[in-house]
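**Q** what's the 3D shape of this:
(2 chains)
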Amino acid sequence: MDLLNIINNLLKIIGDWIYGLVHGLVGNLLVTDLITMGLAAIILCTFAALSFMGLTYAERKIVARIQDRIGPNQAGPFGLLVPIADGIKMFTKEDTTPTAADRWVYNIAPLVIATAALTAYAVLPLAPGVVGTNLNVGVVFTIAIGSGSVVAILMAGWGSNNKYALLGAFRTVAQLIGYEVPMLLNLIPVVLIAGSLSLVDIVNVQSTLNGSPGIPFVLYFPVSALIFLISGIAETARSPFDLLEAESEIVAGFHVEYSGMKFALFFLGEYVNALAVSFMFATLFLGGYNGPIFPPYVWLLIKAAAVFTILMWLRGTLPRIRVDQMHTMNWKFFVPISALNLIILLLVAKIFQPGNAAMPWVTPGVQAMATAITTLIPFLAGLSIASRRLRSQRDAAEALAETRRAANRAAVTTSMGGAH
Amino acid sequence: MTITLQTIIFALLSVVVLGSALFVVTTRNLFHAALMLILSFFGVAGLYVLLESGFFAVAQVLVYIGAISILFIFAVMLTRGMVAMPRVNAQAQLAALVSVLLFVVIVVIVNPTALSIKVLPGASERVLGGIPWQFTTVTTITDSYIKQFGASLVDGSAYLLPFLLAAVLLDIALAGAVQVARERRPAEVLAERELMAAEAAEEQQREQALDTAPETVLAADHH
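**A** I've put the predicted structure just below:
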């Protein structure tokens, strides 16, 4: 029992030990805070950066398997040394700067993007009592800090002084700002039920809600969870939303002029962001570190890894979508359906609020079922309407093309007939 | 005035805010100006953090950096000749006057005696090099202030009217943006083209009239 307790609270015990150690050495609360917080920040950033190495390997292997390839298998056993080889390659590459570049802007952009990506981990609750900083506005913080990467991408696009980089930056910003809207709209229900903007509180509510066992929010809001996940993928600009680096259209987008470690920082930013979205999804919708048997931090890792696997799966199977398709999907489907979703959720969650004397049979479970069913129906209806409309549009376009082809054929045959 | 760590950090943040703001108005490169404006906004967010108002700090970053600055940069990137802009325009003196007046108003309004300073319990423990962390009038800011803030926005006796007015303003702006950016129907495009053609024809006529006018004058002289 004691051992179990130690294992479950391992992170907190280590943290408390370090805090006590530093306090004993320094004997000053403020300095102790500064040193321990600095240490925590370094550890979190290192964890994120190291996970980047692991993720690149895992993604290559898994995507390769999905596409019926073997993937990296030469460097080390099972190709495990590939990330290290990549790192060495990145270090030894020539660090180029275009002559016409806006030097300061060009050089700072990769730092800004990496910083913005790493900062999101500051508010992530890893285990009970283990969180970088328990901000009472944690949810909004993670969204706000994401705007740093938008600025960085614009800086890279402009600073490179390259038309493809600039076009890529424009595309990205349109995409990131657009998909922020459904993302925020689908965060609101979570915040409303949890009654707090703090990520720690949101996790706790999913463990116990007013004395009864809590329910992961994905069961409350399946539609919101789905739209949040898709917008999250779009926010990190990963496949199938990687239009900012569509090689066939704009070479490599905003980072076309970057090489060596600067390019590696952009790459790191992408992966760290994707992992942050996985962690956020696990925290907001899958109950965070709550779970039976395993220690809390292991549960959080399992959940985040599961979400990241979905991202890899999508990357391995789906082709890149077109720019107009992406914006149409966002503005004409996600945003209206999210708004409708929100209105329905507000009404249903209020009607089926647990603790109502007139309806004693209403438990959090009943509330969750009510919100889930009432939001799923309009979503599925909207989906079927949208798909039917798209199909009829496609059919019409194909019919038009067919008549044109027929007309062309007829013209060709008549002209040939005339020649005879 | 007693120096605390908070005032030191305030001074550092002020240097960042004012320095970058100064850069914004003196640089001739519009893109650099926009980036420095972002740094300035970030410094202001830092000031909010120093005031223990996390929500407004985050809102500052979300709205001013995430939305308004990005819009600025977009507008700047679509501007021609943005690397060598003149530093001042015709309204510079008027703007300076307004700024000075605003500064005077703020100095008059902020009543220093209202900010009576007392030492926070437990502040003596948080000391760095003999300087305490803070003297403050605010002793507790809890999670509930966001709830109070939210409730006051929909409270008829508090800020309901400004809130609704802001909402209406934003809606009008949104409708205006849609109207400006919307795709024209073919009939409208034709009508616009006709209008433009008519205007062009009128212009041409006027030019012709101007061209011929001196000749007639000359002709009159000859007679």
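**Q** Identify the residue spatially nearest to the residue in chain A positioned nearest to chain B, adjacent ones excluded.
**A** Closest approach between chain A and chain B, counting by CB to the nearest CB: residue A:147, at 3.0 Å. (Glycine included, C-beta is placed from N, CA and C.) With CB to CB, 6 or more residues apart in numbering or on different chains as the criterion, residue A:147 has its nearest non-adjacent residue at 3.0 Å, and that residue is residue B:66.
**Q** Hmm, that neighbour is touching residue A:149, no?
**A** No - the pair residue B:66 / residue A:149 is not scored as a contact, 10.3 Å apart, by CB atoms under 8 Å.
**Q** Tell me the first helix or strand C-terminal of the helix or strand containing the residue of chain A closest to chain B.
**A** Secondary structure assignment for residue A:147, by DSSP states H and E: helix A:138-159. Next in sequence after helix A:138-159, counting helices and strands by DSSP H and E, comes helix A:163-194.
**Q** now the angle from the following helix or strand past that following helix to helix A:163-194?
**A** Toward the C-terminus, helix A:163-194 is succeeded by helix A:199-207 as the next helix or strand (DSSP H and E). Note on geometry: by axes from the mean of the first three to the mean of the last three CA atoms, to 10 degrees, helix A:199-207 and helix A:163-194 are set 50 degrees apart in direction.
**Q** Next, find the distance separating the residue nearest to the spatial centre of chain A from residue A:83.
**A** Residue closest to the average C-alpha location in chain A (CA atoms, centre = their mean): residue A:277, at 3.1 Å. Distance of residue A:277 to residue A:83, given as CB to CB, to the nearest Å: 21 Å.
**Q** follow-up on the earlier one: which elements pack onto the helix holding residue A:147?
**A** With contacts taken as 3 or more CB pairs under 8 Å, 6 or more residues apart in numbering or on different chains; DSSP states H and E, helix A:138-159 sits against helix A:103-119, helix A:163-194, helix A:199-207, helix A:260-284, helix B:30-50, helix B:54-60, helix B:70-77.
**Q** mind putting these in TSV, distance to residue A:51 included?
**A** Listed next are the helices and strands packed on helix A:138-159 as TSV, based on distance: least, CB to CB, whole Å:
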stretch	distance to residue A:51
helix A:103-119	11
helix A:163-194	22
helix A:199-207	19
helix A:260-284	6
helix B:30-50	27
helix B:54-60	26
helix B:70-77	29
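**Q** Figure out which of those helices is closest to residue A:400.
**A** Closest approach to residue A:400 among the helices and strands packed on helix A:138-159 is made by helix A:163-194 (28.6 Å; CB to CB).
**Q** Pull up the per-residue confidence for the closest residue to chain A within chain B.
**A** Among all residues of chain B, residue B:66 sits closest to chain A, at 3.0 Å; criterion: CB to the nearest CB. Per-residue confidence at residue B:66 stands at 81 (pLDDT).
**Q** Check residue A:242 too.
**A** Residue A:242 carries a pLDDT value of 77.
**Q** In this structure residue A:61 contacts residue A:69, no?
**A** No - using CB under 8 Å, residue A:61 and residue A:69 do not qualify as a contacting pair, with a distance of 9.6 Å.
**Q** Which one of those two is surrounded by more residues?
**A** residue A:61 (20 against 11; other CB atoms under 10 Å in any protein chain shown).
**Q** Can you tell me, leaving aside adjacent residues, what's nearest to that one?
**A** Spatial nearest neighbour of residue A:61, excluding adjacent residues (CB to CB, 6+ apart): residue A:71 at 4.5 Å.
**Q** Which of the three states applies to the one you found?
**A** coil (DSSP: H, G, I helix; E, B strand; the rest coil).
**Q** Who are the contact partners of it?
**A** Contact analysis of residue A:71 by CB atoms under 8 Å, 6 or more residues apart in numbering or on different chains lists A:60-61, A:63-65, A:79.
**Q** By pLDDT, give me the weakest of those.
**A** Out of the contacts of residue A:71, that is residue A:79, at 78.
**Q** That residue reaches residue A:73, doesn't it?
**A** Yes - using CB under 8 Å, residue A:79 is in contact with residue A:73, at 4.5 Å.
**Q** More neighbours: which of those two?
**A** The residue with more neighbours, out of residue A:79 and residue A:73, is residue A:79; 18 against 14, by other CB under 10 Å.
**Q** On the pLDDT front, check residue 40 for me.
**A** Unless you meant another one, I'm taking chain A. 84.
**Q** hm, I was asking about chain B
**A** In this prediction, residue B:40 has a pLDDT value of 92.
**Q** And for it, the neighbour number?
**A** 21.
**Q** go on, residue A:45?
**A** Residue A:45 has 18 neighbouring residues, counting by other CB under 10 Å.
**Q** And what about residue A:353, helix, strand or coil?
**A** Secondary structure, three-state DSSP: residue A:353 is coil.
**Q** Touching, it and residue A:367? I think so.
**A** Yes - the pair residue A:353 / residue A:367 is scored as a contact, 6.9 Å apart, by CB under 8 Å.
**Q** If you count surrounding residues, which of those two has more?
**A** Ranked by neighbour count (other CB under 10 Å), residue A:353 and residue A:367 place residue A:367 first, with 21 against 13.
**Q** quick one: average pLDDT of the helix or strand that one falls within?
**A** Secondary structure assignment for residue A:367, by DSSP H and E: helix A:364-419. The average pLDDT within helix A:364-419 is 83.
**Q** what do you get for stretch A:262-280?
**A** Stretch A:262-280 comes out at a mean pLDDT of 86.
**Q** how about that stretch, does it reach chain B?
**A** No - applying CB under 8 Å from any CB of the partner chain, one finds stretch A:262-280 out of contact with chain B, separated by at least 15.0 Å.
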